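# predicted model and sequence follow; I will ask about them next.
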Amino acid sequence: MSRVRVLVGTKKGAFILKADGKRESWEVSGPFFAGWEIYHMKGSPVNGDRVYVSQTSGWFGQIIQRSDDGGKTWTAPGGGMQKSPQGWPTGESNRFVYDTSADGGAPLTTHQWYDGTQHPWEFKRVWHLEPSLTDAEAVYAGVEDAALFHSMDGGHSWQELPGLRGHGTGPQWQPGAGGMCLHTIVLDPKDPQRIYIAISAAGAFRTDDGGKTWKPINKGLRSQMMPDQDAEVGHCVHHIAMSPRRPGVLFMQKHWDVMRSDDAGDSWREVSGNLPTDFGFAIDVHAHEPETIYVAPITSDSLHYPMDGKLQVWRSKTGGNEWEAMTEGLPQKDCYVNVLRDAMAVDTLDDCGVYFGTTGGQVYVSPDGGDQWKPIVRDLPPVLSVEVQTIA
Amino acid sequence: MILVELPFHLRTLAQLSGAVRLEVDDPVTLRRVLDALEARYPVLRGTIRDHGTLERRAFLRFFACEQDWSHEPVDAPLPEAVATGKEPLLVIGAIAGGS
């Protein structure tokens, strides 16, 4: 029987939640890397035992951790995997250095700062790790200040794909409230050269040549916070989701607005429809129904909690515009948590399970595609990310 | 033999249970101690000082003999008591409130 492994990154460590295909009885392990912020953890689709983790701290910087046994043991691939004869860790902890070479895509050295001046790029942390769809040793990292890195050696060393920062609009990028972060990486399963990324607050970008060159894909987005609401860059894209069954059709939760593209991001149209509010962070697509999408509406950019204290996931089975509230099993009063951008995921079991975590430390599961929900855990630290592995 | 005491999270990261003992050539300076520390425990590279600039990370402090060495030149000789191992060099996570 298939089973699931839910990877939960929190403000104070990582947790792994495991269940069989019924998803009724759960085993909780962790915290791993206790006390550190775990922005994201994700398993390789090639090797289910391979899990990558972004472990970060305002005090001590960035560490990449890796497991090769499904989370039982961990190593910092650049620092703790091998042992010297004395038993000391060898190698180097993970280093993210922006490419400043002239031939690497004319990388930029500054971006726009909050006060409108230009500011140098400064590495702060890894927001998102996206393992390759074809190679367990290959993994992408989206970082703050916004850039895309990749590793071809299992996280031991990292190199920037500088064409993204160097494509020309970089001086117009500026940080959102959470920093200038590259938080979303979507790989096209049918075209290994095609990658989508999103940056707050710059917008969405696509490469069709494996990361050498990039183009902004923001036509159709409108953002009131910008003086030119239709500008090519500057949009605060919160997250993008795509069904691997139908690459090219993208769904976006923008700062405000839920958007859809049917042409790989070349153009977008709003599909917020009857949502009670179209502000939010998380969005995902059903594993088997490419027109079924999920969002977790949040009151507003000033009030980062559900409307009226009622925690709701809204589901559209029509690819947007027509939405229904999923509330069974979710708190419908006095609930003032947030659901962050990387904190929603789906499994690929026949009856698709949907998962999300909250800043209140709850992780909820719906084993029936959103109809009914129940908490797996209630009292974790604030949840930053949720990913699911479906294991045969 | 120099004694270096690290904060909890860095001891965990380097798989240490107590203070670090390092051989450092004279004159014993902050730079030489950190170079020796990172040479023995490469996993600590980037966690105390920036990978590229080697600047101290903003929320870390260096204390020795009841003095704050965080803002002293990294090539200044450390106190004799530290150089002889009588007193440790303390790497401290700066106090910070919030989450």
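Now that the structure is in, tell me what you want to look at.
# the strands in the stretch 1-150 of chain A, which residues?
A:3-10, A:13-20, A:27-32, A:37-43, A:51-57, A:61-67, A:110-112, A:118-120, A:125-131, A:139-144, A:147-151 (DSSP state E, counting those that start in this stretch).
# could you list every helix and strand in contact with the first one?
Yep, that's strand A:3-10 we're talking about. strand A:13-20, strand A:37-43, strand A:51-57, strand A:354-357, strand A:363-366, strand A:383-391 (3 or more Cβ pairs under 8 Å, 6 or more residues apart in numbering or on different chains; DSSP states H and E). Every residue, glycine included, has its C-beta placed from N, CA and C.
# run through the residues that contact residue A:251.
Applying Cβ atoms under 8 Å, 6 or more residues apart in numbering or on different chains to residue A:251 gives the contacts A:240-242, A:258-260, A:271, A:283, A:285, A:293, A:319-320.
# what does residue A:356 give?
By Cβ under 8 Å, 6+ apart, the residues touching residue A:356 are A:282, A:296, A:313, A:339, A:343-345, A:363-364, A:386.
# stretch A:136-153 close to chain B?
No: applying Cβ under 8 Å from any Cβ of the partner chain, one finds stretch A:136-153 separated from chain B by no less than 13.2 Å.
# and the end-to-end length of that stretch?
For stretch A:136-153, the first and last residues are 9 Å from each other (Cα to Cα, to the nearest Å).
# ditto for stretch A:163-182
One end of stretch A:163-182 sits 14 Å from the other (Cα to Cα).
# quick check: residue A:53 touching residue A:38?
Yes: with contact defined as Cβ atoms under 8 Å, residue A:53 counts as touching residue A:38 (6.2 Å).
# quick revisit: now render the strands of the stretch 1-150 of chain A as JSON lines, adding mean pLDDT.
Shown next, in JSON lines, are the strands of the stretch 1-150 of chain A (pLDDT from 0 to 100):
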{"stretch": "strand A:3-10", "mean pLDDT": "98"}
{"stretch": "strand A:13-20", "mean pLDDT": "98"}
{"stretch": "strand A:27-32", "mean pLDDT": "97"}
{"stretch": "strand A:37-43", "mean pLDDT": "98"}
{"stretch": "strand A:51-57", "mean pLDDT": "96"}
{"stretch": "strand A:61-67", "mean pLDDT": "93"}
{"stretch": "strand A:110-112", "mean pLDDT": "86"}
{"stretch": "strand A:118-120", "mean pLDDT": "88"}
{"stretch": "strand A:125-131", "mean pLDDT": "98"}
{"stretch": "strand A:139-144", "mean pLDDT": "97"}
{"stretch": "strand A:147-151", "mean pLDDT": "96"}
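# export the ones you listed to a markdown table and tack on mean neighbour count?
Below are these laid out as a markdown table (neighbours: other Cβ atoms under 10 Å in any protein chain shown):
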| stretch | mean neighbour count |
| --- | --- |
| strand A:3-10 | 25 |
| strand A:13-20 | 21 |
| strand A:27-32 | 16 |
| strand A:37-43 | 25 |
| strand A:51-57 | 26 |
| strand A:61-67 | 24 |
| strand A:110-112 | 18 |
| strand A:118-120 | 14 |
| strand A:125-131 | 24 |
| strand A:139-144 | 25 |
| strand A:147-151 | 24 |
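# now the ones you listed as CSV including distance to residue A:197?
CSV is the format used below for the strands of the stretch 1-150 of chain A (distance: least, Cβ to Cβ, whole Å):
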stretch, distance to residue A:197
strand A:3-10, 19
strand A:13-20, 24
strand A:27-32, 27
strand A:37-43, 14
strand A:51-57, 16
strand A:61-67, 19
strand A:110-112, 15
strand A:118-120, 21
strand A:125-131, 9
strand A:139-144, 6
strand A:147-151, 6
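# ok, back up a step: common neighbours of residue A:53 and residue A:38, please.
In contact with both residue A:53 and residue A:38: A:9, A:14, A:32, using Cβ under 8 Å, 6+ apart.
# please, where are all the strands along the stretch 151-300 of chain A?
A:159-160, A:181-187, A:195-200, A:203-207, A:215-216, A:237-242, A:250-254, A:258-261, A:269-270, A:280-285, A:293-297.
# many thanks, we can stop here.
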